[in-house]
Structure formats: C-alpha cells, structure tokens
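In: predicted model and sequence below, questions to follow.
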Amino acid sequence: QVQLVESGGGLVQAGGSLRLSCAASGRTFSNYGMGWFRQAPGKEREFVAAINWSGGSTYYADSVKGRFTISRDNAKNTVYLQMNSLKPEDTAVYYCAADMTGWGMIPMRYNYWGQGTQVTVSS
C-alpha cells in the first residue's frame, strides 16, 4: 500500500505561483513513477505532469508546458509541482498519483491516489 498526501493548494491571483507537494509513505518511493492530475468542476480528470522513478524524465500536458515543473526528492519521499504564471483555467482539485509499473499520462495506469488539494486562481 502507498499513502499519498497533497498539500500546498490555495487561492492565488492570476500570474501568481504555487508549489504543491505530495508526501508518500508505505512502500519504496524511488521504485515508482509519479503523476499530477487535476479535475475542475463538471470536467473529467486530466493529466498535468509525470515524472519517472529517478526524476530523470518528465512529461507535461501542453496546457501547462513552460509554466509548471514537476520534480521529486526520493530522500524525502516527496514529489512537487511548481506552478508559475497561473491562469484562472488552472483552477481545479489537484491530485498526485503513484504508478507501480512505470509512468505516463493515462490515469488508469496509476495504482494509488491522494485525496487532492484545491487550487483556485482568481482573475
């Protein structure tokens, strides 16, 4: 079992920044890929960013490329999402997830999910 706890969400003005954290426990963190997803009201959950087990490879949704950065610290069992130049359309609940077999953009491949953290960007 893997437990994931997100933090760092909040209310920010457009153009501002936030850094989300996701603390993992339960199994060897460095063995699995991690992803960030988000879900806005009335919309399906969508992929935001993913990172492989070592942190050496990352992948981003086109909508956040150049603004968001995913990273991980395996010594701290934590994955981060640095969000800059935030836009009102970034408003959503953000979830981190763990993939035991690899990493990628498909939600169904992820085995464990956090409870989510709300990000609200005002215009």
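Out: Yep, it's here.
In: make it CA atoms for all contacts and neighbour counts henceforth
Out: Noted.
In: check contacts around the residue most central in space within the chain.
Out: Geometric centre of the chain, nearest residue: Trp36, 2.4 Å, by C-alpha atoms, centre = their mean. By C-alpha atoms under 8 Å, 6 or more residues apart in numbering, Trp36 lies in contact with Phe47, Val48, Ala49, Ala50, Leu81, Tyr94, Tyr95, Cys96, Ala97.
In: among those residues, which ones are buried?
Out: Phe47, Val48, Ala49, Ala50, Leu81, Tyr94, Tyr95, Cys96, Ala97 (16 or more other C-alpha atoms under 10 Å).
In: from those residues, pick the one nearest Ser17.
Out: Leu81 (10.5 Å; C-alpha to C-alpha).
In: in this protein, where is pLDDT below threshold?
Out: Under the criterion pLDDT under 70, no range of the chain is flagged.
In: now the strands for it?
Out: In the chain, the segments counted as strands under DSSP state E are 3-7, 10-13, 18-25, 33-39, 46-51, 58-60, 68-73, 78-83, 92-99, 112-113, 117-122.
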